[in-house]
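# Sequence first, then the predicted structure, then my questions.
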Amino acid sequence: MASAGSSSSAESQISVVEENPNGQISAPPCLKEFSFADLKTATSNFGHEALLGAGAYGRVYIGWFDEKTLSRPSESGIGRAVAIKIYYPETIQAFDQWQSEVNILGRRYHPNLIELLGYSWEDEKLVLVYEFMQKGSLENHLFQSDVFKPLSWDIRLRIAIGAARGLVFLHSLEKQIIYRDFKSSAILLDANYNPKLSDFGLAKLGPSGDKTHVTTRMMGTEGYVAPEYFESGHLNAKSDVYSFGIVLLELLTGLRAVDLRRTNDNLVEWLKPMLSQLKTLMDVRMVGQYSLGAACNATQLTLKCLEVNHKDRPSMKDVLEELVQIEAMASMKEVPEVLEQIEAVTSNLKEFNFEDLQIATNNFKPEALLGEGGYGRVYKGWIDEKTLTPSEWGTGMAVAIKLWNPETVQAFEQWQLEVNILGRRHHPNLVKLLGYCWEDEMLVLVYEFMQKGSLTNLLSQRNAIKTLSWDIRLKIAIGAARGLLFLHTLETQIIYRDFKSSVILLDAKYNPKISDLGLAKLGPSGDKTHVTTRMMGTDGYAAPEYIRFGHLTAKSDVYSFGVMLLELWMGFKEVGTRRRKEYLVEWLKPMLSQNRKLQTIMGVWMEGQHSSEATSQAAQLIQKCLSIDPEDRPSMKEVMEVLVQIQAMTFMKKVPEELEQIKVMEEKPKKSKFSSPRCSVAPPRHRQPRRFLTSLKASCQYIGACRYGDRCSRLAVSTPNPASAPPFCSPTSTNVNIQQHFQVHLTIKKMLATPHLKEFSFEELKMATRNFSAQLGDGGLWKVYKGWMDEKTLAPSKTGDSMLVAIKEFNPNREQHFELWQAEVNILGRHYHPNLIGLLGYCWEDEKLLLVNEFMHKGSLNTHLFRRNSDIKPLS
């Protein structure tokens, strides 16, 4: 408790407070008066573990009180954390500064000023109790790089704007307050990096009447003090603007205001020769996070704040307005695509009217209902394949029509999000959006129809064991992973947020496509580690950090993918009514490290379809995906790589069996048996091997093609240690009779892992090109021809009918023609992007190597730039 004398003294001078922040304390009724004993308890007797920091005027500790009442201290870590500043009693100005903070913060509230909760004044013990700021000071984040992660451009801009708002508030009070000691250490940050100004002990009331300044002895921090105040003691609001400019300089450059290691320790003096090129001195930790215009405007504002003549500096109100404009520039640079106007997105989408959709679904008849959820219902409909107009039931092309429930709060946001994501981006593993409808409150989307429905439904069927083999399940996992990887690696990353087996739809060949992107979120920008958002998703699939803290990252999708893998490979539903524990992850996690148990589970329905090595890899992958700490989870790229390895293991398990069943197609009735002929390194033309068949053992790997005679084999394998040159082509090592013009039928599809590509016969391509009569170009290594094919079946069609294609025939007489052909199949057959040419299929017969690509009507850029004739107009 305060002594009687000191209390009386304070009460007798209450009126002084309104004239001067340094007048005697008039304790505002909203502040709590703490006993010193309670503060000792709250800080464990001001223990060393509770110490947050120390300065010239005292120390700051973390303490704990009852969250609601602050009436009693609690144990460390329980209740509400507070910051407790205890002043050094021997400091001459301790009382003045303590009193100034009580008078300023006790009477005024602003979201960018630290909140004062209470005080203690017992004998000579002066204490203040503030709200606790979780992220500490801006100074620490800028200059303790070994402890804190670098602040992004967006966060720095947010901090600058918040701090400016705090100063504008003080400067615009009826009785203006000048901060006097503004610096980066006085800016504290909460859990979301929102800034609040603290340490008002040196604040002064501004000039009154027609005075232009307050004259006072210089007090402040070296490096931040304005020149006029340092030289003459003249203080005004523009002095704070100068100090703010120094903090802006620190934010932009990442350099301290005062650093004794520099040739000139004062930052402004040191940078003076370079200030006009300040944008070139931007903190390298922010590279790529801001536009050049925003950087230039920020540096120009900083220079204005640092004008030597205070009259040339802007007011804090002007500074704030400029910062908000810079923030607007930054946001315009990367406007979230989900907020852009629908009209800008839908140029390649058809706009349906609601009446057409009623016709396509037989007025949304019950028999057309495919499914329903919280968002609305999905119906099957029929439209003309070319015009996309409604057709009779069962005629034309089947589509899936999602009708949103207009009463759902987030219906429009989710509908718009799907249009923005799927309307702009195409990927073989994302469901294709064909069009939309927006009439009054009616929100509808029209998608391609996926014949096999959702993975959830297939897993629930009794015959799922027979229907979904290990190979198919692996194919589904890889395709779904490709879809997520595509979203995660976009320039503006997209986090799916609600990934689960029910959003994986399967076409007639079990190719998976991800649907339902209505809850997707843009990923963190700059150096942010996560997006903070309220939890929305499905129980059992959501990542722990997202459930507990609302922290969302791409690794949250990885966790959900791990849950889906459990369902896919273990044959269980995520939520099981017969299990003692509701969630599959909790129920199965103890088994994941035990391969025998896993093999028992998988072996029940996939016996003989995979190796123990594949099972072990699968279990390890699931374990990693389901790690509690998101940092321990792999990226979707790493998940993809492991899945492909598992697929390779599965394939290699089957290679010996398939090699025994190689079928030889006769071109001539006569067969001949090779007797281990040595392939010469430099024989006559057509006899030089590309790769060599050294043996056909159980442990082998694909390494390319071996040519012998005038034909090209389809297979070359080697032992782990291939024979050194000159190697042997020795089919006899397996006692397989191979005709002279042999053609091995170990499917290239498996070798190249491109099951979605069509394998054309050479005869089909001859028909499509009218015997290769329509040549488009000749590149030396290959020739390109125009061809016509049926759009649905890709069968050859009449000239001028159906779909144009470009057919590239590789020159068998040129070196590396096989490697070039193979590289294109491997790259374009596995990867899809709207700016890569689409590969439709291939042909490999004898030495004939061909590729079938989509047709590009305008030809090459080279032609448009350099071949000027009447048919080709100059590019604008």
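Perfect, thanks for sending it. Residues are numbered from 1 along each chain as shown.

# In the stretch 551-700 of the chain, where is pLDDT below threshold?
The stretch 551-700 of the chain contains residues with pLDDT under 70 at 571-612, 651-700.

# which other residues reach stretch 862-876?
For stretch 862-876, contacts defined as CB atoms under 8 Å, 6 or more residues apart in numbering pick out Lys858. Using the backbone N, CA and C atoms, a C-beta is placed for each residue, glycine as well.

# so how far does it reach from one end to the other?
15 Å (CA to CA, to the nearest Å).

# Could you list the buried residues of it?
Residues of stretch 862-876 include none that count as buried (16 or more other CB atoms under 10 Å).

# Could you do stretch 796-807 as well?
Pro796, Ser797, Ser802, Val805, Ala806, Ile807.

# Can you tell me which of these is closest to Tyr436?
Ser802 (27.8 Å; CB to CB).

# Contacts only, for that closest one.
By CB under 8 Å, 6+ apart, the contact list for Ser802 reads Trp788, Met789, Asp790, Glu791.

# Return the distance of the second one relative to Gly829.
When you say that, I think you mean Met789. Separation of Met789 from Gly829 (CB to CB, to the nearest Å) stands at 18 Å.

# And His110, by the same measure?
61 Å.

# Look at those two and report which has more neighbours.
Neighbour count, other CB atoms under 10 Å: between His110 and Gly829, Gly829 has more, with 20 against 15.

# pretty sure the more buried one is touching Trp821, no?
No - Gly829 lies out of contact with Trp821 (CB atoms under 8 Å); the separation is 11.3 Å.

# Show me this structure divided up by domain.
As recorded under automatic domain parsing, the domains making up the chain are 4-132, 137-333, 342-448, 458-653, 662-746, 755-862.

# can you pull the contacts of Ala226?
Taking CB under 8 Å, 6+ apart as the test, what Ala226 contacts is Lys238, Ser239, Val241, Tyr242, Ser243, His310.

# Skipping adjacent residues, who's closest to Glu131 in space?
Distance criterion CB to CB, 6 or more residues apart in numbering; nearest residue to Glu131, sequence neighbours excluded, is Glu115 at 4.3 Å.

# Is that neighbour in contact with Glu101, as I believe?
No - in terms of CB under 8 Å, Glu115 does not count as a neighbour of Glu101; the distance is 11.8 Å.

# Between those two, which has more neighbouring residues?
Glu101 (25 against 15).

# Which helix or strand contains the more buried one?
Using DSSP states H and E, Glu101 sits within helix 94-105.

# Which residue is the nearest non-sequential neighbour of Asn140?
Phe148 (6.2 Å).

# Quick one: neighbours of the one you found, just the number.
13.

# is it true that it lies in a helix?
No - going by DSSP: H, G, I helix; E, B strand; the rest coil, the assignment for Phe148 is coil, not a helix.

# Do me a favour and get the backbone dihedrals for it.
The phi/psi pair for Phe148 (degrees, to the nearest 10) reads phi -110, psi 150.

# right, and it touches His141 too?
Yes - counting by CB under 8 Å, Phe148 touches His141, with 4.7 Å between them.

# Tell me if I'm right that Val247 and Asp181 touch.
No - assessed by CB under 8 Å, Val247 is found out of contact with Asp181, at 11.8 Å.

# ok, Ala83 to Ser198 distance?
Where Ser198 is concerned, Ala83 sits at a distance of 9 Å (CB to CB).

# what does Leu626 give?
For Leu626, the distance to Ser198 - CB to CB - is 42 Å.

# Repeat that for Glu49.
22 Å.

# Looking at the two, which has the bigger crowd around it?
Set Glu49 next to Ser198 and count neighbours by other CB under 10 Å: Ser198 wins out with 24 against 9.

# want to try CSV for the contacts of Ser802, with pLDDT as columns?
Converted to CSV, these look like this (pLDDT from 0 to 100):
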residue, pLDDT
Trp788, 93
Met789, 92
Asp790, 87
Glu791, 83
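
# For Glu372, state which of the residues you listed is nearest.
Using CB to CB, the contacts of Ser802 come closest to Glu372 at Glu791, 33.0 Å.

# Which pLDDT value belongs to the residue nearest to the closest one when sequence neighbours are not counted?
Spatially, and ignoring its direct neighbours in sequence, Glu791 is nearest to Met803 (4.4 Å; CB to CB, 6+ apart). pLDDT, Met803: 89.

# How about Ala203?
pLDDT, Ala203: 83.

# Against Asp312, how distant is Ala226?
When Ala226 is compared with Asp312 (using CB to CB), they lie 12 Å apart.

# can you check Lys452 too?
72 Å.

# And for Tyr242?
11 Å.

# who has more neighbours, these two?
Using other CB under 10 Å as the criterion, Tyr242 and Asp312 rank with Tyr242 on top: 23 against 11.

# Touching, the more buried one and His310? I think so.
Yes - assessed by CB under 8 Å, Tyr242 is found in contact with His310 at 7.2 Å.

# Could you name every residue contacting both of Gly829 and Trp821?
With CB under 8 Å, 6+ apart as the test, Gly829 and Trp821 both reach Tyr842.

# which residues are in contact with stretch 632-646?
474, 477-478, 481-482, 484-485, 488-489, 554-555, 557-559, 561-562, 614, 617-618, 621, 624-627, 753.

# List the ones among the residues you listed that fall in helices.
474, 477-478, 481-482, 484-485, 488, 554-555, 557-559, 561-562, 614, 617-618, 621, 624-625 (DSSP state H).

# Can you select the buried ones from these in ChimeraX?
The ChimeraX selection below is limited to those of the ones in helices among the contacts of stretch 632-646 classed as buried (16+ other CB under 10 Å):
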select :474,477,478,481,482,484,485,488,554,555,557,558,559,561,562,614,617,618,621,624,625
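
# thinking again about what came up before, any residues in contact with both of Ala83 and Ser198?
Going by CB under 8 Å, 6+ apart, residues that sit against Ala83 and also against Ser198 are Tyr130, Met133.

# higher neighbour count, Val247 and Asp181?
Val247 (26 against 20).

# So that one versus Glu327, what's the distance?
17 Å.
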